[in-house]
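>>> Only the shape, not the letters, is given here:
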């Protein structure tokens with residue numbers, strides 16, 4: 001029977017507790033986790049973090065990353081999703097800084113995936129940021145990768161070789177093609193190649209009080225591709241448990257911690273709703289909403305009149 005535990009147990013299916021990420025990770029056995037997937041604080045002054053210098057921030061993160069690598073299985077993966085640190089209007093791309101940390105600790109980068117979204121804060125002195133990156137690292141060259149679980153439909157599934165010894169045979173895999181590292185979930189079958197998943201804003205079905213919430217479908221493809229059933233998926237910055245929900249949904253064990261009790265409480269409620277089949281989430285492959293007749297999607301009549309008379 002699946003349950004939400006408050007303390008770590010090797011046989012537990014779901015563990016979600018209020019704790020410090022580093023302290024909790026130290027409890028975990030070495031080589032026990034197949035996928036670590038998270039979005040760490042960006043040091044931008046959100047309610048759940050204290051803003052410090054980027055040097056101090058990265059030094060603290062490196063301590064945790066060392067422990068995460070210790071608990072990671074030899075066949076395991078780390079997916080580290082980050083955006084930018086902004087200081088006095090200057091952009092510091094965090095993925096570049098994190099790459100050096102992971103590389104120095106012996107990890108191997110397999111992909112740098114782009115997550116594009118259409119909404120966010122509007123900048124006034126630079127172009128508005130509309131993407132974040134996911135760094136996918138492995139601990140070894142022998143890692144779990146279930147390509148067939150995440151294939152997308154081929155554009156020309158009936159295309160055949162027209163010459164050579166394979167003439168007349170299908171030139172592609174009939175089960176679909178390998179997604180690229182730039183995905184877009186805009187059709188019912190993950191049909192294009194840009195991770196255009198809406199970020200969780202006010203009208204998103206998954207919205208909670210968390211200011212930087214992970215959409216569940218962002219995690220699902222990583223869970224399906226990089227783990228097998230009953231593997232452990234761990235999020236050291238669990239927030240409201242989106243990563244744990246994606247893991248539970250696909251019969252993986254789910255571990256997570258967060259420092260904010262409010263988020264832990266919400267996360268437990270969401271996991272329970274998932275187990276009961278009542279959690280509202282955005283289904284993988286749901287087309288991006290394109291407004292048509294809504295008032296907000298039209299130019300104000302006053303603006304149109306002003307432009308005509310200008």
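Everything's here; your move. Keep in mind the model is a prediction, meaning the values are calculated, not measured.

>>> after the host helix or strand of residue 219, next one along is what?
Taking DSSP states H and E as the definition, one finds residue 219 inside helix 216-226. Going down the chain from helix 216-226, the next helix or strand is strand 232-235, by DSSP H and E.

>>> Give the next helix or strand downstream of that next one.
helix 242-249.

>>> average pLDDT for that next one?
Throughout helix 242-249, pLDDT has a mean value of 94.

>>> Report the angle between it and helix 216-226.
When axes from the mean of the first three to the mean of the last three C-alpha atoms, to 10 degrees is applied, the directions of helix 242-249 and helix 216-226 differ by 50 degrees.

>>> Contacts for helix 242-249 next, please.
The contact list for helix 242-249 (C-beta atoms under 8 Å, 6 or more residues apart in numbering) reads 2, 13-14, 16, 37-38, 206, 213-220, 223, 227, 233, 235, 238, 253-256, 267, 270-271, 274-275, 279, 281. C-beta coordinates here come from the backbone N, C-alpha and C atoms, glycine included.

>>> low pLDDT regions in the stretch 101-250 of the chain?
Low-confidence segments of the stretch 101-250 of the chain (pLDDT under 70): 117-124, 126-130, 156, 158, 171-172, 182-213.

>>> The longest helix seen in the chain: which residues count as buried?
Assignment by DSSP state H gives helix 54-71 as the longest helix of the chain. Going by neighbour count (16 or more other C-beta atoms under 10 Å), the buried part of helix 54-71 is 57-58, 61, 64-65, 67-71.

>>> Please produce a markdown table containing the residues you listed, extended by pLDDT.
Below are those laid out as a markdown table (pLDDT from 0 to 100):
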| residue | pLDDT |
| --- | --- |
| 57 | 90 |
| 58 | 93 |
| 61 | 95 |
| 64 | 97 |
| 65 | 98 |
| 67 | 98 |
| 68 | 98 |
| 69 | 98 |
| 70 | 98 |
| 71 | 98 |
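
>>> Would you format those as CSV with distance to residue 26 included?
Compiled in CSV, these are given as follows (distance: C-beta to C-beta, whole Å):
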residue, distance to residue 26
57, 20
58, 20
61, 15
64, 10
65, 13
67, 6
68, 11
69, 13
70, 9
71, 9
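
>>> what packs against the helix holding residue 219?
On a contact count with 3 or more C-beta pairs under 8 Å, 6 or more residues apart in numbering; DSSP states H and E, helix 216-226 meets strand 33-38, strand 72-82, strand 131-138, helix 242-249.
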